[in-house]
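J.: Sequence and predicted structure, then a few things I'm wondering about:
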There are 6 protein chains.
Amino acid sequence: MTWKEYDQRVERVPVFIPVGSTEQHGPGLPMNVDSVIPTEFSERTAERVDGIVAPTIHYGAKSQPGSGGGSEFVGTTSVHGGTLRRQIQDVIGDLERDGARKIVFFNGHYENEYPIREAIDRHIEDGTRATFIIASWWDLLSPSLRDEIFEEIPGGFPGWAKEHAGVIETALMRHFRPELVREDEIVDDEADRTPSHIVKPAPTSAVPDSGVFYRATYGTADVGRRVVENVTDTLVSAIEKEFA
Amino acid sequence: MTWKEYDQRVERVPVFIPVGSTEQHGPGLPMNVDSVIPTEFSERTAERVDGIVAPTIHYGAKSQPGSGGGSEFVGTTSVHGGTLRRQIQDVIGDLERDGARKIVFFNGHYENEYPIREAIDRHIEDGTRATFIIASWWDLLSPSLRDEIFEEIPGGFPGWAKEHAGVIETALMRHFRPELVREDEIVDDEADRTPSHIVKPAPTSAVPDSGVFYRATYGTADVGRRVVENVTDTLVSAIEKEFA
Amino acid sequence: MTWKEYDQRVERVPVFIPVGSTEQHGPGLPMNVDSVIPTEFSERTAERVDGIVAPTIHYGAKSQPGSGGGSEFVGTTSVHGGTLRRQIQDVIGDLERDGARKIVFFNGHYENEYPIREAIDRHIEDGTRATFIIASWWDLLSPSLRDEIFEEIPGGFPGWAKEHAGVIETALMRHFRPELVREDEIVDDEADRTPSHIVKPAPTSAVPDSGVFYRATYGTADVGRRVVENVTDTLVSAIEKEFA
Amino acid sequence: MTWKEYDQRVERVPVFIPVGSTEQHGPGLPMNVDSVIPTEFSERTAERVDGIVAPTIHYGAKSQPGSGGGSEFVGTTSVHGGTLRRQIQDVIGDLERDGARKIVFFNGHYENEYPIREAIDRHIEDGTRATFIIASWWDLLSPSLRDEIFEEIPGGFPGWAKEHAGVIETALMRHFRPELVREDEIVDDEADRTPSHIVKPAPTSAVPDSGVFYRATYGTADVGRRVVENVTDTLVSAIEKEFA
Amino acid sequence: MTWKEYDQRVERVPVFIPVGSTEQHGPGLPMNVDSVIPTEFSERTAERVDGIVAPTIHYGAKSQPGSGGGSEFVGTTSVHGGTLRRQIQDVIGDLERDGARKIVFFNGHYENEYPIREAIDRHIEDGTRATFIIASWWDLLSPSLRDEIFEEIPGGFPGWAKEHAGVIETALMRHFRPELVREDEIVDDEADRTPSHIVKPAPTSAVPDSGVFYRATYGTADVGRRVVENVTDTLVSAIEKEFA
Amino acid sequence: MTWKEYDQRVERVPVFIPVGSTEQHGPGLPMNVDSVIPTEFSERTAERVDGIVAPTIHYGAKSQPGSGGGSEFVGTTSVHGGTLRRQIQDVIGDLERDGARKIVFFNGHYENEYPIREAIDRHIEDGTRATFIIASWWDLLSPSLRDEIFEEIPGGFPGWAKEHAGVIETALMRHFRPELVREDEIVDDEADRTPSHIVKPAPTSAVPDSGVFYRATYGTADVGRRVVENVTDTLVSAIEKEFA
């Protein structure tokens, strides 16, 4: 998109900012899962609401052992939360200056939520005329579809923290970008139960060696397709309501 | 405690740092609920493991509408996440310099979790000989007791985000510090369902006017007593295991 | 205090913020002397001017050898001046947003003065409708009472820097919270003369091993009582004048 | 690439980090020119030296009027130099922790040079075992090819600052990603002579309305092809020499 | 001095860094009084101990109403304390890297003391092999000479805070740089008594309109000469002792 | 200049801020070349446009190997770019508050350009009524005079990066402050060709041992005189145009 095309639309339409990460996702999924997913979701949703998709942020906030394996995994390349917060604050500042009034952060990495919130809170403190939506696919997915999907899986729904490189992320990658999935390396594994507390430095035993926290093999492309439909529908409704 | 007493014990025993907030908790509970609870828990646990309780941090990270009502409520006085992170990093630095090797953050305010994690992550990057536990009472409470308590309540367990100024916080305050509870103002109220997304600036309709998110009247002192026993037991076990 | 009670008063009355520290105060006084004293003073003054006391800040700016012993003493747990400055700036921001127009920082730790000033200066640069008083008890104490008290002590008044854990702090603790004083450990000691310059890293000889800089035994509860009356009177007058 | 594949190679091979921007590039080129170019160059070079290409940084340092049009153009979405510096410092930290010892920043946006340098300087101050190359395509292009190309163009080589959205960027986009070029909108324009000084806020007259600083029409795909070969050769040589 | 000359001496000799300010000093003294004085003192002392004088820092920390008139005076151009702290930390880092082991900050502006201390404290936390002296002329001046000088002045010694643009600063300027003194504008004035508290924003009545806080006319060049001798002697002794 | 004199003129006239560095300049020139030159230029230009010269900033942004030798040279004492940026932002803030509307940064050190720009960009984002000129002498020098001067020198004009401690800087110092030049140590030397890329940590071979990058002996005082006239004329014209 050229700047002139952008200029003609930015004041009217939603602008999507996909926020991802570079993080281990087991032996079968690429390290950019958390970036691919929100980028794909943003494009699909933008198409339905006539929105603009801004470039993806690929370096997310520090991966935590309990939800992604943490910095101990080679290949996980993160920024500090405070760094991501500053980046988002600067980006918002320029978007708003250029006229954007409807801004959607589509987030694919749990640890990004806090820095995105802090960035927007600080932006608002200085005054804003824009409205912001922060959307993470796991929150957008309807509980009923979630239950339906996990019903068929031995062990059921383990909570989102344990779903790292598990059923849904595998399903989404198989649906969105099958060519990036190493099918021969998709494995089932299982992280320990959700702990009652956090320990740092994280004991090496806390996370499966594979980096897979749950049953990746159950994440079929068909599951992916159903999740995409459901999540996109929910976000379209949210956008229509909140930006009305 | 004098510095000489501290000096004799700091290298051997766990040091507890209660991290709270100053935040609206409805018309019946004081604004320092999130500080009182981790302070009381820290003292009870410290007694059992021969620990030291450091002074409480009373100004927590920015309250969020979905989990505490947000900055829109008069009386909610917060610091930015980045500010809390710096404060904790400095405190950890001094504790470790003085010989502390077992450090427990007892957290009473959901929004503090991220800054505490980032502070410890940054501290560890520079090298550490200490082990850190981050403990929030809602994670320490055993799911079985939680279910037992909410079973008796119409509506059941609504998720922790909606439990702000609700059953358990009311119960804990009635148990710990009944003189701070305005019994005539304890009310039941209810926040909307957990939203699929976050909107900022937060619509005023998102949170009950009272600031109570759930059924405060069900939080009896007896419920508080059972929660305290359960949470303390869990934390004592965690301390024995992680600092072994 | 609940948020509703706060809401009804915050725009009209002074809000006190006690700022203390966690710092060695010799073998007889607890490490929270600098927090206890401004908290107690704030409560007594607030009572007289119908004010509100906000939660105490317990971690003060880096202790300096010449005025408190410095970071070399085990148990002294401080934050960098820049960290305290940010914390206060955030707190002021929320207080002013909620309507506070009369804000009193009651300071109990010399090293906090600069960060408090810088925080307020930066806040004012962004525009303010509030008025701020920074009050430290040693400045509020009238010179005549000070001279009267030290007249009776061999060596006389040594300057405030040398009064750390000395006559007045001991007196105030005996008056405010005698149960926190280890009477059997109250000792007289003496720091070297006020130096003509500062050396860093501080030579170990610069400060008495006890951490007491002057004659703690002379700080009777009765001296404490007289100081409290005098300081509170002065502050009440200042509040009446400056917030008129 | 999965983390296991990365793990097996990261210690031996060069890691490329493309650093781009989101910036107006006239009516014919997309706003991500400065990101596409270094990403494509990185991939081609990595192929020849068996390197790894890390995710692209899409939000570059504040565009300056004299070299890109500046923030006044709608669509130019930048971060402050200090923000980019922090981001790069965090990324380097994780790369080095994971074993990377040969790190190449391929830069596509002039304004990024300084923050990249400052990030590496600060990283080195804390100690490093890695070697870093900062490569910008305009510096890699041999002066002889440059002269050859511009010889044929009326006006000749105007200096790199004036080549924004001009001959070479157009040529590279036509070569790398012709589908992103709006051929009907490629125009020649001309920025004023290189000024003797910088004025801020920038007068609106300083930059052509189109955002094109020079003769875009002369940037054929064939010119692009020759530049790519030349630049890639130079960088391969540099890598072989500096990482020997 | 060239870098080669510096290189031959930096590891052995003291390096002086004069830290000043740009601040109103009444109608008779220039705005750079606080820079001239420490620069001149540094040069005289360096001559006696074979030291090196580094370039002067001319923009000091925010002037405070009680000790210099504050930012309300036109012409007072300051930096925030945190900014000065960063600057000094960077400078120290380079000095120590180059071999300096004896570093003297000669300070001419009261408000700089805290940032200088914080900078050195942070530097030491990261490890240092250098020793630092912070010297402010008012602390170096012997109490006996001070009393001797003020004895002859109606009103006596008013405390250092009130001596801004008063007796000693006028005397030092007349001695060091008489050509910068506007003799016809040297006036006596008087700031109110030392206040028991600080008010911000500062009431306009707090400081004399002239910017002179005390009796400038009594600051003769002869007084200046005596002060210089005394202060220099004290500092030479301190240097010999602390860097032994 | 006293504050009263400043007060009468600041709103009408240009204020010059010389920004220099402390950096090796070979065996014949002092380390403050980059500070002396912009200070002298500022004074001469200010005289012609009735301007005010503010105090010089002596510690510039981190010297880079390719343009000044880098931090590896003993004697080069720099601050990080972010530090200089903050300092300038604070100074601008105070100047504008005091009424300055025409602000000229005269820069003598290449590496300062970016931080000066970022400081002004951030200042403008918060709103400004002032206009800023950033002037570096190498950009102000007319290409025709430059060519005339280098025509006579074997090797010709090597590009500004290689002119460090070379022809023009030597010429300017001989013209402005001959007493600071060690004539017996002025040497010709030559840095390698402009590199196609930057390597960090910089190989020791990248820069001549002398620290001289080009032919210093050709920089006569007469060349200096012609440069000064030319640069000053250009800047006077720029000031008349931009501040009209």
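T.: Received the coordinates, thanks.

J.: Low-confidence stretches in chain A?
T.: The model of chain A has pLDDT under 70 over residues A:193.

J.: those helices in it, which residues are they?
T.: Applying DSSP state H to chain A gives helices spanning A:3-9, A:33-49, A:65-68, A:81-97, A:113-125, A:137-140, A:143-151, A:167-176, A:221-242.

J.: Is it correct that A:I124 is in contact with B:V199?
T.: No. With contact defined as C-beta atoms under 8 Å, A:I124 does not reach B:V199; the gap is 11.5 Å. All C-beta atoms are positioned from the backbone trio N, CA, C, and that covers glycine.

J.: on that earlier part again, and the helices of chain A, which is most packed in?
T.: Highest mean neighbour count of the helices of chain A: helix A:167-176, a mean of 25 (counted as mean count of other C-beta atoms under 10 Å in any protein chain shown).

J.: which residues touch the residue of chain A found nearest chain C?
T.: Taking C-beta to the nearest C-beta, chain C has its nearest neighbour within chain A at A:E125, 7.3 Å off. By C-beta atoms under 8 Å, 6 or more residues apart in numbering or on different chains, the residues touching A:E125 are C:G93.

J.: same deal with A:L140?
T.: By C-beta under 8 Å, 6+ apart, the contact list for A:L140 reads A:230-231, A:234-235, A:238, B:196-197.

J.: which of those residues lies closest to chain E?
T.: The shortest approach to chain E among those belongs to B:H197, at 37.0 Å (C-beta to the nearest C-beta).

J.: I figured that closest one was touching A:L141, is that so?
T.: No. B:H197 is beyond contact range of A:L141, at 11.5 Å (criterion: C-beta under 8 Å).

J.: Near chain B, which residues of chain A are found?
T.: Contact residues, chain A versus chain B (C-beta under 8 Å from any C-beta of the partner chain): A:62, A:64, A:71, A:80-82, A:85, A:114-115, A:117-118, A:120-122, A:124, A:128, A:131-136, A:139-140, A:142, A:194-201, A:203, A:234-235, A:238, A:242.

J.: contacting residues around A:D222?
T.: A:A171.

J.: now the residue nearest the centre of chain A: how far from D:H58?
T.: Nearest residue to the geometric centre of chain A (C-alpha atoms, centre = their mean): A:G108, 0.8 Å. A:G108 sits 15 Å away from D:H58, taking C-beta to C-beta, to the nearest Å as the criterion.

J.: again, but for A:V79
T.: Counting by C-beta to C-beta - A:V79 and D:H58 are separated by 14 Å.

J.: Same check on A:G82?
T.: For A:G82, the distance to D:H58 equals 20 Å [C-beta to C-beta].

J.: Just give me the neighbour total for the nearest residue to A:D188 once chain neighbours are set aside.
T.: Spatial nearest neighbour of A:D188, excluding adjacent residues (C-beta to C-beta, 6 or more residues apart in numbering or on different chains): A:R215 at 4.3 Å. When neighbours are counted by other C-beta atoms under 10 Å in any protein chain shown, A:R215 registers 21.

J.: show me the contacts for A:R215.
T.: A:R215 sits next to A:153-155, A:166-167, A:188-190 when contact means C-beta under 8 Å, 6+ apart.

J.: for A:T22, same thing?
T.: The contact partners of A:T22, taken as C-beta under 8 Å, 6+ apart, are A:31-32, A:34-35, A:58-60, A:75-78, D:54-55.

J.: returning to that earlier point: which among the contacts of A:R215 count as buried?
T.: Neighbour-count burial (16 or more other C-beta atoms under 10 Å in any protein chain shown) is assigned, among these, to A:153, A:166-167, A:188-189.

J.: now the residue lying farthest from the centre of chain A: how far from C:T131?
T.: Ranked by distance from the centre of chain A (C-alpha atoms, centre = their mean), the top residue is A:K4, with 29.7 Å. If you measure A:K4 against C:T131 using C-beta to C-beta, the figure is 51 Å.

J.: any idea how far A:D98 is from D:T76?
T.: From A:D98 across to D:T76, the span is 8 Å (C-beta to C-beta).

J.: Those two: which is more packed in?
T.: Regarding A:D98 and D:T76, a neighbour count based on other C-beta under 10 Å identifies D:T76 as having more, with 25 against 20.

J.: Tabulate the contacts of A:R215 (JSON lines), appending distance to D:A221.
T.: Putting these into JSON lines (distance: C-beta to C-beta, whole Å) gives the following:
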{"residue": "A:I153", "distance to D:A221": "51"}
{"residue": "A:P154", "distance to D:A221": "55"}
{"residue": "A:G155", "distance to D:A221": "55"}
{"residue": "A:G166", "distance to D:A221": "45"}
{"residue": "A:V167", "distance to D:A221": "45"}
{"residue": "A:D188", "distance to D:A221": "48"}
{"residue": "A:D189", "distance to D:A221": "48"}
{"residue": "A:E190", "distance to D:A221": "52"}
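
J.: Closest to F:I17 out of those residues?
T.: A:G166 (58.1 Å; C-beta to C-beta).

J.: mind listing what the residue nearest to that closest one when sequence neighbours are not counted touches?
T.: Among residues not flanking A:G166 along the chain, A:Y214 sits closest, at 3.1 Å (C-beta to C-beta, 6+ apart). A:Y214 makes contact with A:155, A:158, A:162-167, A:188-191, according to C-beta under 8 Å, 6+ apart.
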